[in-house]
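# Please find the sequence and the predicted model below.
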Amino acid sequence: MKTLELGYIHINDIIIGSESKVENGVLYVDEAAVKALVLEDEFLKDVHFDVAKPGESTRITPVKDVIEPRVKVEGPGGVFPGMVNKVEAVGEGKTNVLKGMAVVTAGKIVGFQEGVIDMSGPGADYTPFSKTINFVMVCEPADSLLATDPEATLPIDNEKKPEYERAVRMAGLKVAAYLGELAKNVTPDETEVFSTPNLKEGMELYPDLPRVVYVAMLQTQGLLHDTYVYGVDAKRTLSTMMWPTEIMDGAIVSGNCVSACDKNPTYIHENNPVVHELFKQHGKTINFVGVIITNENVYLADKQRSSDWAAKLCELLGVDGAIVTQEGFGNPDTDLIMNTKKIELKGVKTAIVTDEYAGQDGKSQSLADADPLADAVVTGGNANQVIILPKMDKVIGMLDYVDVIAGGHAGSLREDGTIEAEIQVITSATNEMGFNKLSAR
Amino acid sequence: MVKEIERTGLPVVHMCTVTPISLTVGANRIIPTIAIPHPLGNPALDHEEEKKLRRHLVDKAIHAFTVDVTEQTVFED
Amino acid sequence: MSFKVVHYINQFFANIGGEEMAHVAPELRDGLVGPGLALNNAWKGEAEIVKTIVCGDSYFAEHEKEAKEQILAWVKEINPDFFIAGPAFNAGRYGYACANVAIAVQEMGIPVLTGMYQENPGADYKNQVLIVATKDSAAGMRQAAPTMAKLALKIMKGEKLGASCEDGYMPNGIRVNFFEKERGAKRAVDMLIKKLADKPFVTEYPMPSFDRVEPGKAIKDMSKATIALCTSGGIVPKGNPDHIESSSASHYGEYSIEGVMDLTEEGWETAHGGYDPIYANQDADRVLPVDVMRDLEKEGVIGKLHNLFYTTVGNGTAVASAKAFAAEYAQKLVAAGVDGVIMTST
């Protein structure tokens, strides 16, 4: 039995000042300390911190990742293993969580696909991060990273993008781990326990319940489309298995800038909604066996191998059902369909979660690939839906890139400060792990 | 898109990495390519080698034009 | 002021008779008849049935043209704000008549609505006209009337249509976003539990089927052929002069490669936002093989490389837009005397 207890410490306010601590639900952040932590990286020149609260007239953009601060209190390893802490298996013991808040990384864009978070107004309905108090870090790339070509469409030199992406990704994780550490000795307001039996125990405990596995597809298409598992770039992995609780300790992190609406930020991995919903049914209607992770690579042979492998693991485990979730869209739709088809052909029933690109008028075919065996589909909504985001009093980050990010178009940013764009630009709007209530018919 | 062009009667050779999508959307002459970010290249090779690889793929496409097909065909090596 | 509505029903619901009276020709009556009462009541004065058109189902089936002409003439004269037909439940000819009359009235620019059971043959028209899904017998009137009345009023007031499952109409091929009561992960787990128990479940996205196109004829003599390059990989001149969007592109690019022997890093890049752009930006020939095509042209393997290429960004671009782009430039390619097209995709 693998058991993890999460201790939730509810954060009601964040105050940036000269001291770091968590006290009475307030997170105090020593600005100089976190700044020093970020600037350890030679590729970052400066960083600016700000706090955005639900209901405020505030827009954060371009958003890269969103992270929930956590800390190991008991048990082996540390959070974000292989990234911030050393590689050691996590997922058991106790972990404290700063609930109700998030670390948001922002700054000049790496590629086309960074997002917008509005803390109020119509856009706020679409992003889950309008409901968290956000500690925003706007990172400034070192001069050595900037494009020298005056005609360059994007600010960062083509060859230096990986350095910049890595620098900002690591800065976010380090700051989240630092803030989490402040809660190590704080008594949680609430606790929740998650126990997963091993295969043998599970069969004995729940002989009559259908056995269900969760197949999480991780975006791994290369720069800006990567996911890391225990520090390993997941595109270099074969499909494999994890305890669900490992994910809660930050074993999977996002290095990902696919369209903002349907990439999985680290926060959503940590709070993986499918894992949580399966735990709710575990021992009642189903026996939750574990998590299979598989990738979405750019070579067809990799797609074939990884989907074969995911189906093979389902077969080996002898499960009755599988939930499959996707990340991104376009050719990953093929990975989704391959996985679903192959798993179904093993006699395992599937339900899958995706989102749609049905055009601004909703009339187009929603996915790039299709198969009749994918007959139980949950959708996170049509990412092409156009939305008007009113001007916000305050912008954290910069509006310079609204016209070029995925979902934006020339003229998206109007002179009066409103933005007309597809909900594709909104961070996690059509999340394909089923984090939200948005759907389409 | 391939289909819309082929509707005019022009033969179309679709060169793409994700051949399952190509089959799903209805291309008729399909040449599998290297990888999504560089379908007709391989940055791991030197320039000459890479161009040779590209030539090989395009030669296959040229060949595909000359073959009468009656159903969706993937031209493997 | 309340909205003026015309209602269409058959001989049975007008209390004329059943099958034996199905031959009656169209008839125009003042005010509401039969099921119109339920609709009128639901509108609470905000809308009102001013006229009811009654037509026998067999008459419509056998004299469709004449029946339609008569009905349209009346509707034109009345000039209502809305036209509602049925509900027809599972009556096949009635459903067919409701759908076809509604479509004809819709073409006059008057908003319409009908209702029937999903297996009614008239439901085949669900992508052309808004149809409320009802039960399979008139016993379903109690549910159908308020749903139809509510949706009709929404349209009369010019409000935005909700998703099909919210507003009760049959899915019509237009995807509409809305907020569910439960989050997606819970819906997926619930759906799987039903599927595992062999209980009915409803997918949120039914898989589409695809049409096929005849393969173009083979080219006999490549050495005389003009070949054009097209790509969905977003290759554009450096600086993306036409601002083709990185995702959900609203237009395609047409660029000349007259005299261009090689796509260099200095001159070309990709506007595509869906893949790692580094490789294409370094050497766009990796996506659009201009260098090799020029060699083939020089060697006489092909007659000519067409001097224009067409480029789109496949990333997140709606299939319908991509289709429209391709259909448009395909005509240009044909007009330019191109013999074959190489399309590259990323």
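Alright, I've got the coordinates.
# When you work out contacts or count neighbours from here on, use the C-alpha atoms and nothing else.
Will do.
# Next, the contact list for the residue in the stretch 1-150 of chain A positioned nearest to chain B, please.
In the stretch 1-150 of chain A, the residue that lies nearest chain B is A:Gly111 (14.0 Å; CA to the nearest CA). Taking CA atoms under 8 Å, 6 or more residues apart in numbering or on different chains, we find A:Gly111 in contact with A:154, A:224, A:257, A:405, C:273.
# could you redo the residues you listed as TSV and give each row secondary structure and neighbour count?
Output for these, formatted as TSV (DSSP: H, G, I helix; E, B strand; the rest coil; neighbours: other CA atoms under 10 Å in any protein chain shown):
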residue	secondary structure	neighbour count
A:Leu154	coil	19
A:Leu224	coil	27
A:Cys257	coil	31
A:Ile405	coil	28
C:Gly273	coil	27
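# Closest to chain B out of the residues you listed?
Using CA to the nearest CA, those come closest to chain B at C:Gly273, 10.7 Å.
# Just give the nearest non-adjacent residue to the closest one, would you?
Leaving aside its sequence neighbours, C:Gly273 sits nearest to C:Ser246 (CA to CA, 6 or more residues apart in numbering or on different chains; 4.5 Å).
# C-alpha coordinates for stretch A:403-412, CSV please?
The C-alpha trace of stretch A:403-412 is given here as CSV (Å, rounded to 0.1, in the frame of the first residue of the first chain):
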residue,chain,number,x,y,z
ASP,A,403,-1.1,39.5,-31.5
VAL,A,404,1.3,36.7,-32.2
ILE,A,405,0.6,34.1,-29.5
ALA,A,406,-1.5,31.0,-30.6
GLY,A,407,-5.1,32.1,-30.7
GLY,A,408,-4.3,35.7,-31.3
HIS,A,409,-4.1,37.5,-34.7
ALA,A,410,-2.9,40.8,-36.0
GLY,A,411,-5.1,43.4,-34.4
SER,A,412,-6.0,41.2,-31.4
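# So which residues of the chain form helices?
Since you didn't name a chain, this refers to chain A. A:31-39, A:161-181, A:199-205, A:244-248, A:266-270, A:273-281, A:300-317, A:332-345 (DSSP state H).
# Correction: the question concerned chain B.
Using DSSP H, helices in chain B cover B:2-6, B:19-25, B:47-66.
# for chain C, same thing?
Under DSSP H, chain C gives helices at C:36-43, C:57-62, C:64-78, C:92-107, C:141-156, C:164-167, C:184-196, C:278-282, C:290-299, C:319-335.
# can you put those in JSON lines and add mean pLDDT and mean neighbour count?
JSON lines is the format used below for the helices of chain C (pLDDT from 0 to 100; neighbours: other CA atoms under 10 Å in any protein chain shown):
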{"stretch": "helix C:36-43", "mean pLDDT": "95", "mean neighbour count": "19"}
{"stretch": "helix C:57-62", "mean pLDDT": "90", "mean neighbour count": "20"}
{"stretch": "helix C:64-78", "mean pLDDT": "95", "mean neighbour count": "15"}
{"stretch": "helix C:92-107", "mean pLDDT": "94", "mean neighbour count": "23"}
{"stretch": "helix C:141-156", "mean pLDDT": "95", "mean neighbour count": "19"}
{"stretch": "helix C:164-167", "mean pLDDT": "94", "mean neighbour count": "16"}
{"stretch": "helix C:184-196", "mean pLDDT": "98", "mean neighbour count": "23"}
{"stretch": "helix C:278-282", "mean pLDDT": "91", "mean neighbour count": "24"}
{"stretch": "helix C:290-299", "mean pLDDT": "96", "mean neighbour count": "18"}
{"stretch": "helix C:319-335", "mean pLDDT": "88", "mean neighbour count": "18"}
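# Present those as a markdown table; the columns should include distance to A:Val22.
A markdown table is the format used below for the helices of chain C (distance: least, CA to CA, whole Å):
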| stretch | distance to A:Val22 |
| --- | --- |
| helix C:36-43 | 57 |
| helix C:57-62 | 75 |
| helix C:64-78 | 72 |
| helix C:92-107 | 64 |
| helix C:141-156 | 51 |
| helix C:164-167 | 45 |
| helix C:184-196 | 32 |
| helix C:278-282 | 43 |
| helix C:290-299 | 61 |
| helix C:319-335 | 51 |
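# Fine by me, thanks again.
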